[in-house]
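Participant: Pasted the sequence and its predicted model underneath.
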Amino acid sequence: MTTIFISSHILSEVDLIADTIGIIQQGKLLVELPMEEIHKRQAEYISLQVDNTARSAAILEKMGITDFQVLDREFIRIYGSDISGKVLSEALVKNGVGLESLGRRHDTLEDYFFQLTKGGK
């Protein structure tokens, strides 16, 4: 086994080359895990960018979608849903929501890093 210490802000590159990572903040090791374990924790979700999150949230609930998170004034993440993008976008637009973007995504190593170090979203 070979250990290489890399300090990098380009976490997408670290994700590609590392088998195990440690995240250090202010000289304290916060976590040391195999990348495989981190990948298991990375949630898949539908990302929505809308002009009205309150209206969008009400529409989602009316559609029976309850596992979602409003991140800020524009973005919503929907977890654990296999609803089609077409059905979702039609419902939002039909109910007066301006839809900027919709896509399926998954958390990255950078998202995990920010959750640990800044209590991120």
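Facilitator: Received it, and whenever you're ready, just let me know what you need.
Participant: Leaving out chain neighbours, which residue sits closest to the residue nearest the centre of the chain?
Facilitator: Residue closest to the mean C-alpha point of the chain, counted by Cα atoms, centre = their mean, is D107 at 4.0 Å. With sequence-adjacent residues excluded and distances taken as Cβ to Cβ, 6 or more residues apart in numbering, D107 is closest to Q42, at 4.0 Å. Using the backbone N, CA and C atoms, a C-beta is placed for each residue, glycine as well.
Participant: Distance check, the one you found against T3.
Facilitator: Remark: distance between Q42 and T3 (Cβ to Cβ, to the nearest Å) = 24 Å.
Participant: Quick check: pLDDT value at the nearest residue to V70 once chain neighbours are set aside.
Facilitator: Among residues not flanking V70 along the chain, T53 sits closest, at 4.9 Å (Cβ to Cβ, 6+ apart). T53 is assigned 97 on the pLDDT scale.
Participant: Over to I23?
Facilitator: For I23, the model assigns a pLDDT of 89.
Participant: Who are the contact partners of it?
Facilitator: Each residue near I23 by Cβ atoms under 8 Å, 6 or more residues apart in numbering is listed here: L29, L30, V31, E32, F113, L116, T117.
Participant: Kindly indicate the member of those residues with the most neighbours.
Facilitator: F113 (20 neighbours; other Cβ atoms under 10 Å).
Participant: how many other residues sit next to L48?
Facilitator: 26.
Participant: what about stretch 31-51, distance to the chain center?
Facilitator: Relative to its chain's centre, stretch 31-51 lies at 5 Å (Cα atoms, centre = their mean, to the nearest Å).
Participant: what's the answer for stretch 22-31, then?
Facilitator: 22 Å.
Participant: Ok, stretch 10-17 next?
Facilitator: Centroid separation for stretch 10-17 versus its chain: 17 Å, with Cα atoms, centre = their mean.
Participant: what does stretch 81-94 give?
Facilitator: 19 Å.
Participant: in that stretch, what counts as buried?
Facilitator: Using 16 or more other Cβ atoms under 10 Å as the test for burial, stretch 81-94 gives S81, L88, A91, L92.
Participant: Stretch 53-64 now?
Facilitator: Buried residues in stretch 53-64, counted by 16+ other Cβ under 10 Å: T53, S56, A57, I59, L60.
Participant: Since that was my last question, I'll sign off now.
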